[in-house]
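1. Structure of the sequence below:
(2 chains)
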2 protein chains.
Amino acid sequence: MAVYTQIGAETMARIIAEFDVGTLVSAKGIAEGVSNSNWLIETASEAGESQRFILTMYESRLDTGDLPFFLGLLDHLAACGCPVPRTIHDRDDRPFRFHDGKALALIEFLSGVSVSDPTAKQARAVGQALARTHLAVADFEGTRANSMGPDAWKKLFDDCRPEGLRTLHPDLAGTVASELAFLEAHWPESLPHSVIHADLFPDNVLMLDDEVSGLIDFYFACTEITAYDVAVTHAAWCFNDDGTHFDEEISMAFLAGYESVRPLSSEERSALPILARGASMRFLATRAYDWLNTPDDALVTPKDPLAFAQRLAFYSDPANAAIFNRTE
Amino acid sequence: MAVYTQIGAETMARIIAEFDVGTLVSAKGIAEGVSNSNWLIETASEAGESQRFILTMYESRLDTGDLPFFLGLLDHLAACGCPVPRTIHDRDDRPFRFHDGKALALIEFLSGVSVSDPTAKQARAVGQALARTHLAVADFEGTRANSMGPDAWKKLFDDCRPEGLRTLHPDLAGTVASELAFLEAHWPESLPHSVIHADLFPDNVLMLDDEVSGLIDFYFACTEITAYDVAVTHAAWCFNDDGTHFDEEISMAFLAGYESVRPLSSEERSALPILARGASMRFLATRAYDWLNTPDDALVTPKDPLAFAQRLAFYSDPANAAIFNRTE
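-> This is a model prediction of the structure:
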């Protein structure tokens, strides 16, 4: 949760006036996002009609050179009918602006809530929505390297140092070293690639009852193995918080939903166990790094890395390889 | 800024279902309030009509025994046509409920933004709105002692200790001691009392253009010298942030606005200088205490106490006594 930058009402009104969205009538800093500040904005048209938006100010962690890709992707997906928020361009048709040296974008507000305990119906809907984005990006021209791919995991674990990892769990440094070696030797680079979300946790999905009303927070989107997005989303949705319990019903519903829109090839399906190990390593790496490097006075509470060591152990167990063959 | 408590979507939906306000469609934690957690809630009626509310969860600093007073005051003022948010009672007509041992209330959402650099027109509107609340509470039956009155200042300064105050400014301990003695000897207890807001800073006023659309955050409201509220609001609105610049145009507009609705008696007017010194001491006391006692890792950044030492010096200067006689 964070609002890193304070913006006074008069300044906010001037910022909003740069867009053709009516007059500012409300601006509330919201507690979302770890690398940017967000406001829920309400405007009124001359006829008094109310509209809502999210204003995002990108703080230092984001490379603004990536913004045309991220915001262009939202516009492309929205135009294809995917439930993602459109970017509102300013009066000069720019998708983002600068204020005090920081980039900011005005984005459509979407209703919906992020579930914390999904039902099978909801997991199926998420699978369908994810698959639709994978079809929709076929004619999207933007590309972006995955800044959180295997090379990045290795660097993050190096920065944690074996001593640091051992403070999290006595066996963790050894597990990480052998898993990195295994993944390097077996990573399936030849599978189909496309733009993927790469971070579709329940936090980043808005739902109304059993329907997906919004996919949000595309700031890790990149060009990657398409099925890796299935693996990331599987790891994000099919376990309890601490990773100790796998929910097969959710897994089957998610995979069935995905395949009802975009069937997996046999090569993709057989790669899912290793892709899911990679997905577990990706979040284990960032969480371990954040856990060991977050100052005690930070606004953001780091998330438990061991929850992804648990998932890694689950996906590495040959006894569990068949889960990806089971759908509803 | 703060959201101290996390509430999952499923739990939030159950909480909202306890009120007759339709179905939850959005809940965003908002960065407002220092002693409670707040969410901007959107619901939809069966006909699809959208409504918005603020859900407030009262954290440990608030005595829930005071909630019937605070929430009853909102309902009374709203019924009198004052621009304050109504409390939404639950299906059992309770103005607040408990969740996990903490009280929570659902309050009407009001549009508007908090200005940081008010115009004279806006200051006049704030004066009028404040005076209307002072007339409206004439038939409000609730009473509440002022937990931030002269006795509280003394205790807060005692807790800061002279050494602590000296770290803020070399002269501060001496100024505080002599001012406390002066106020104790001259505090005008015989003036008319009523329920007052007692904390009407720009943050707690929502404006649409030059109109007041909302007076919010009544959690310091109490039974006090009515004109003390004029003094608090004067100190809150008529200076720049660090208290070094007094804006006479704002002062005249605020007082003229107030008196256009509720003229001050000559006793009240002549007491304003000492009441404004008291108001300065009240915020100097809490800010000094918070400054010296806020842990470095707190979510809330303490506000500069010396901004109110500046105001105290201004109001104590006999050359400035005439400002309260000057209105537009």
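2. can you tell if the helix or strand hosting A:Asp229 touches chain B?
-> Element membership for A:Asp229 (DSSP states H and E) is helix A:226-237. No. Helix A:226-237 stays clear of chain B (CB under 8 Å from any CB of the partner chain), getting no nearer than 14.2 Å. All C-beta spots, glycine's among them, are computed from the backbone N, C-alpha and C.
3. other SSEs contacting that helix?
-> helix A:120-136, strand A:193-196, helix A:248-261, helix A:266-293, helix A:306-316 (3 or more CB pairs under 8 Å, 6 or more residues apart in numbering or on different chains; DSSP states H and E).
4. Can you pull up the most central residue in chain A?
-> In chain A, the C-alpha closest to the average C-alpha coordinate belongs to A:Asp199, at a distance of 2.5 Å (CA atoms, centre = their mean).
5. I'd assumed A:Asp217 was in contact with that one.
-> Yes. Between A:Asp199 and A:Asp217 there is a contact under CB atoms under 8 Å: 6.7 Å.
6. Need the residues touching each of the two.
-> Counting by CB atoms under 8 Å, 6 or more residues apart in numbering or on different chains, A:Asp199 and A:Asp217 have no common neighbour.
7. what's the closest of the helices and strands packed on helix A:226-237 to chain B?
-> helix A:120-136 (10.4 Å; CB to the nearest CB).
8. Which other helices and strands does the helix or strand following the closest one contact?
-> Moving toward the C-terminus from helix A:120-136, the next helix or strand (DSSP H and E) is helix A:150-168. Packing contacts for helix A:150-168, counted by 3+ CB pairs under 8 Å, 6+ apart, involve helix A:172-186, helix A:266-293.
9. quick one: buried residues of the first one?
-> What it means is helix A:172-186. For helix A:172-186, a neighbour-count test (16 or more other CB atoms under 10 Å in any protein chain shown) marks A:Leu172, A:Ala173, A:Thr175, A:Val176, A:Glu179, A:Leu180, A:Leu183 as buried.
10. ok, the nearest residue to the fourth one once chain neighbours are set aside to A:Ser178 distance?
-> Spelled out, it's A:Val176. Excluding the flanking residues, the one nearest A:Val176 by CB to CB, 6 or more residues apart in numbering or on different chains is A:Phe157, at 5.2 Å. Distance, A:Phe157 to A:Ser178, using CB to CB, to the nearest Å: 12 Å.
11. circling back: wait, what's in contact with the residue nearest to A:Val176?
-> So A:Phe157 contacts A:Leu165, A:Val176, A:Leu180, A:Ala285, A:Ala288, A:Tyr289 (CB under 8 Å, 6+ apart).
12. JSON lines please, covering these and showing distance to A:Thr244 and pLDDT.
-> Converted to JSON lines, the contacts of A:Phe157 look like this (distance: CB to CB, whole Å; pLDDT from 0 to 100):
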{"residue": "A:Leu165", "distance to A:Thr244": "20", "pLDDT": "94"}
{"residue": "A:Val176", "distance to A:Thr244": "19", "pLDDT": "96"}
{"residue": "A:Leu180", "distance to A:Thr244": "23", "pLDDT": "97"}
{"residue": "A:Ala285", "distance to A:Thr244": "20", "pLDDT": "97"}
{"residue": "A:Ala288", "distance to A:Thr244": "18", "pLDDT": "95"}
{"residue": "A:Tyr289", "distance to A:Thr244": "22", "pLDDT": "94"}
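13. Dump those to JSON lines, plus distance to B:Tyr315.
-> As requested, the contacts of A:Phe157 are exported to JSON lines (distance: CB to CB, whole Å):
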{"residue": "A:Leu165", "distance to B:Tyr315": "60"}
{"residue": "A:Val176", "distance to B:Tyr315": "64"}
{"residue": "A:Leu180", "distance to B:Tyr315": "67"}
{"residue": "A:Ala285", "distance to B:Tyr315": "58"}
{"residue": "A:Ala288", "distance to B:Tyr315": "56"}
{"residue": "A:Tyr289", "distance to B:Tyr315": "53"}
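14. just curious, which of these is nearest to A:Arg144?
-> A:Ala285 (19.2 Å; CB to CB).
15. what number of residues lie near that closest one?
-> Neighbour count of A:Ala285, defined by other CB atoms under 10 Å in any protein chain shown: 25.
16. Please list all residues in contact with it.
-> Going by CB under 8 Å, 6+ apart, the list of residues near A:Ala285 reads A:Ala152, A:Trp153, A:Leu156, A:Phe157, A:Cys160.
17. Return the members of the residues you listed classed as buried.
-> Here, 16+ other CB under 10 Å leaves A:Trp153, A:Leu156, A:Phe157, A:Cys160 buried among the contacts of A:Ala285.
18. So A:Ser60: helix, strand or coil?
-> coil (DSSP: H, G, I helix; E, B strand; the rest coil).
19. Tell me the confidence at it?
-> A:Ser60 carries a pLDDT value of 71.
20. ok, it - contacts?
-> So A:Ser60 contacts A:Ser35 (CB under 8 Å, 6+ apart).
21. Next: A:Phe239.
-> Here A:Phe239 is in contact with A:His245, A:Phe246, A:Asp247, A:Ala307, A:Gln310, A:Arg311, A:Phe314 (CB under 8 Å, 6+ apart).
22. Quickly note the distance from it to chain B.
-> Per CB to the nearest CB, to the nearest Å, A:Phe239 is found 16 Å from chain B.
23. Report the secondary structure state of A:Met57.
-> Under three-state DSSP, A:Met57 comes out as strand.
24. Please tell me how far it sits from A:Ile107.
-> In terms of CB to CB, A:Met57 sits 12 Å off from A:Ile107.
25. what's the answer for A:Leu306, then?
-> 34 Å.
26. These two: which has the busier surroundings?
-> Neighbour count, other CB under 10 Å: between A:Leu306 and A:Ile107, A:Ile107 has more, with 21 against 18.
27. quick one: contacts for the residue in chain A sticking out farthest from the centre?
-> Outermost residue of chain A with respect to the C-alpha centroid, by CA atoms, centre = their mean, is A:Ala47; its distance is 37.2 Å. Listed by CB under 8 Å, 6+ apart, A:Ala47 has no contact partners.
28. let's go with 10 Å and repeat that
-> A:Gly22 (CB atoms under 10 Å, 6 or more residues apart in numbering or on different chains).
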